[in-house]
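Enquirer: Predicted model follows, preceded by the sequence.
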Amino acid sequence: MVRQGKSRSADPKQSLVRVRGWQHPSKYTLTQVDTMKGLPSLLNGSSTRKWTQSTPSTDTAEDEGQSGSTISPTKPPSADISSGGSKNPMIWTRRKITWLITLIALSVAIIVVVITVPVVLLVDDAHNDDPSYYNSANRPVRVVQDFPDPGLIQVNSTWYAYATVATPDNPDVPHVPVSTSRNFSSWDWLQGHDVMPAMSSWETNMNQYAPDVIQRKDGRFVLYYSGELKDWLRHHCVGAAVSNSTSPLGPYIPHNSTLACPRDHGGAIDPAPFKDVNGTLYVVYKVDGNSVGHGGDCNNGKKPIVSTPIMLQQLNDDGVTPVGDPVQILTNEKVDGPLVEAPNIIRTDRGIYYLFFSSHCYTSSKYSVKYAWSTSLKGPYTRAERPLFRTGDFGLKSPGGATASIDGSKIVFHAFCGDYRCMFAAAMNITANYTILPAAL
C-alpha cells in the first residue's frame, strides 16, 4: 500500500534513519569510512569517522498521524534498538580517552592516599617520640605481682606501697596489703600483714580499693581508701583511717563516717593525699560516675556518658575533716573514653603542680598513665600531649593507677602481667618544658 503524503527529497546524499517505526531524512551524511581498528588508532588520529551536516529537507514525514521530530544537528542520530535498529558503538575521541585516563589516575591516587596516610601518621608518631622511650635502661621494673592501684610513701630510708586487695570478694584476706623497699627497684610483699584489720560501720568487710597514705604534723599517718557501702553494694565512697602509732604499717583505725560520698553522682573512689608547700593538707579523688552509667566499657561506654570529675578537697590538720567544698580540677573528655580516674598530685621545686591520672577502662589497651600541669593547685591544668606510659611502651600492657614520689623523681603504677596486674617501679625526669620522660632507676 502506498502511503499518501508529501514527496521526499531524492537527494542521494541524504541517508534514512529508522526512528520508532518511521523514516526520517537524516541531516547528516557519513562521508568517510571508519578506519578505526582499536584504541591505538584513536591515539594517533587515524580514525576517519566523522559526520557532516547536509542540507536539510523541507519535507516532513508522518506515520499514522504522528509527525516526525527534528534530530538535533549537534550529534549524530542513533537507532532505536526496540524497533529493530542497532545501537551505534561509542565513539572514542582523544578528549574522552584523556578524561578516562585522568579519572583512573585520580582514583588510584585517592586509594593510595587513604591507605598511606594512617601508616605515615603512625610512623611519624613513633619517630616523634623522645629517645628516652627507646633506651632499655629506662625500662620500668616489675616488682610485685598482683598489686594494683599502688599508693606510695617514703619514711626515712624505706619506701612503702599499699595496694587494692588481690581478691576483693574474699573477707579473709588482708583489706590493705603492703610492700616495702630500700632501693625502689626490689620490693618485699609483707604477706598476711593487714594495715587496716577492722572496718568502719558504714562499709562492708571487703572490696577496699586504691589506698594511699600521708603523715600528719603529729607524726601519725592517715590512710585514705575506697570502701564499699553496706547499703549500696558495688558502690564506694572515700574513707579515712588514722594509725594508732607513728608506724606507716599501722594498724589504722577507720573513721566512723565517710570523707567524701557524693551518692547522687555514683560515690567516690581513688583518693590520694597531698601536702602543699605551706603544710595544708588535701585529698584528691574521683567521682565514680561510671558506677551509675548506662553500660558498655566500665559501665559508661554508652551515651549519655556520665561525668567522672577529679575533685580536690582541702582538709584540716587532722587529715580527716573537710574544709569547705571540693573543687573540680579535671573531668573526662571524649579522648578519655568512659572515665578519668586514679588522680595523684605532686609539686616540683619550680612551683609547678603535676596531676597524674588514668583514662579509659582499666581492662582496655588504651588505659595509660597520663598527666597534666598547672601553676596553681586548683588549676586550670594543661594536659600533656603524650601519656607518660601507654600500652606498647617497654612492652607494657594497660599501665595505670600511678602514684609519684613527692620530689617527682620516681613513680609506681600497675600494668597487666598475664592474668594479674603487677606493680612496676620507674624513674622519671621532669623537663624544663613541663614534659615528663622515663629515666633509669
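Expert: Arrived safely. Please read these numbers as outputs of a predicted model, since none were measured by experiment.
Enquirer: Now the most centrally placed residue in the chain: phi and psi?
Expert: Nearest to the geometric centre of the chain sits V335, at 4.9 Å (C-alpha atoms, centre = their mean). Per-residue torsions, V335: phi -70, psi -10 (degrees, to the nearest 10).
Enquirer: Test for you: state the pLDDT assigned to it.
Expert: In this prediction, V335 carries a pLDDT score of 97.
Enquirer: swap in G5?
Expert: Taking G5 on its own, its pLDDT is 41.
Enquirer: Kindly report the same for T58.
Expert: So, for T58, pLDDT stands at 42.
Enquirer: cool, L42 as well?
Expert: 40.
Enquirer: just P177 next, same as before
Expert: So, for P177, pLDDT stands at 96.
Enquirer: Next: R20.
Expert: The predicted local confidence for R20 is 40.
Enquirer: List the contacts of the residue nearest to the centre of the chain.
Expert: Residues counted as contacts of V335 (C-beta atoms under 8 Å, 6 or more residues apart in numbering) are S359. For glycine as for every other residue, the C-beta is placed from the backbone atoms N, C-alpha and C.
Enquirer: Could you do the one 3 residues further on as well?
Expert: The contact partners of P338, by C-beta under 8 Å, 6+ apart, come to 290, 293, 296-301, 305, 308, 332, 360-361.
Enquirer: Write the PyMOL selection for whichever of those residues are buried.
Expert: A single PyMOL command selects the buried members of those (16 or more other C-beta atoms under 10 Å):
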select buried, resi 290+293+297+298+299+300+301+305+308+332+360+361
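Enquirer: and of the contacts of P338, the nearest to T382?
Expert: Nearest to T382 among these, counting by C-beta to C-beta, is N332 at 16.5 Å.
Enquirer: Kindly provide the distance from the closest one to A260.
Expert: Separation of N332 from A260 (C-beta to C-beta, to the nearest Å): 18 Å.
Enquirer: can you check G401 too?
Expert: 19 Å.
Enquirer: So for these two, which sits in the more crowded spot?
Expert: Between G401 and A260, counting by other C-beta atoms under 10 Å, G401 is the more crowded of the two (29 against 22).
Enquirer: Which pLDDT value goes with that one?
Expert: Taking G401 on its own, its pLDDT is 99.
Enquirer: Confirm for me that it is in contact with Y209.
Expert: No. Judged on C-beta atoms under 8 Å, G401 makes no contact with Y209 at a distance of 9.8 Å.
Enquirer: Okay, buried residues for stretch 318-338 please.
Expert: Applying 16+ other C-beta under 10 Å to stretch 318-338 flags G319, V320, P326, V327, I329, L330, T331, N332, D336, G337, P338 as buried.
Enquirer: Kindly export it (C-alpha atoms) in PDB.
Expert: What follows is stretch 318-338, C-alpha atoms only, in PDB (Å, rounded to 0.1, in the frame of the first residue of the first chain):
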ATOM      1  CA  ASP A 318      43.800  16.000 111.400                       C
ATOM      2  CA  GLY A 319      43.600  14.800 107.800                       C
ATOM      3  CA  VAL A 320      40.000  13.600 108.200                       C
ATOM      4  CA  THR A 321      37.900  16.700 108.500                       C
ATOM      5  CA  PRO A 322      36.900  18.500 105.200                       C
ATOM      6  CA  VAL A 323      37.400  22.300 105.000                       C
ATOM      7  CA  GLY A 324      34.900  23.900 102.600                       C
ATOM      8  CA  ASP A 325      33.600  22.400  99.500                       C
ATOM      9  CA  PRO A 326      35.600  20.300  97.000                       C
ATOM     10  CA  VAL A 327      36.800  21.900  93.700                       C
ATOM     11  CA  GLN A 328      36.700  20.200  90.300                       C
ATOM     12  CA  ILE A 329      40.200  20.300  88.700                       C
ATOM     13  CA  LEU A 330      39.700  17.900  85.800                       C
ATOM     14  CA  THR A 331      36.900  15.800  84.100                       C
ATOM     15  CA  ASN A 332      36.600  13.200  81.400                       C
ATOM     16  CA  GLU A 333      36.600  14.300  77.800                       C
ATOM     17  CA  LYS A 334      35.900  12.500  74.600                       C
ATOM     18  CA  VAL A 335      39.500  11.400  74.300                       C
ATOM     19  CA  ASP A 336      39.200   9.700  77.700                       C
ATOM     20  CA  GLY A 337      36.600   7.200  76.800                       C
ATOM     21  CA  PRO A 338      34.300   6.300  79.700                       C
END
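Enquirer: Right, I'll call it a day here.
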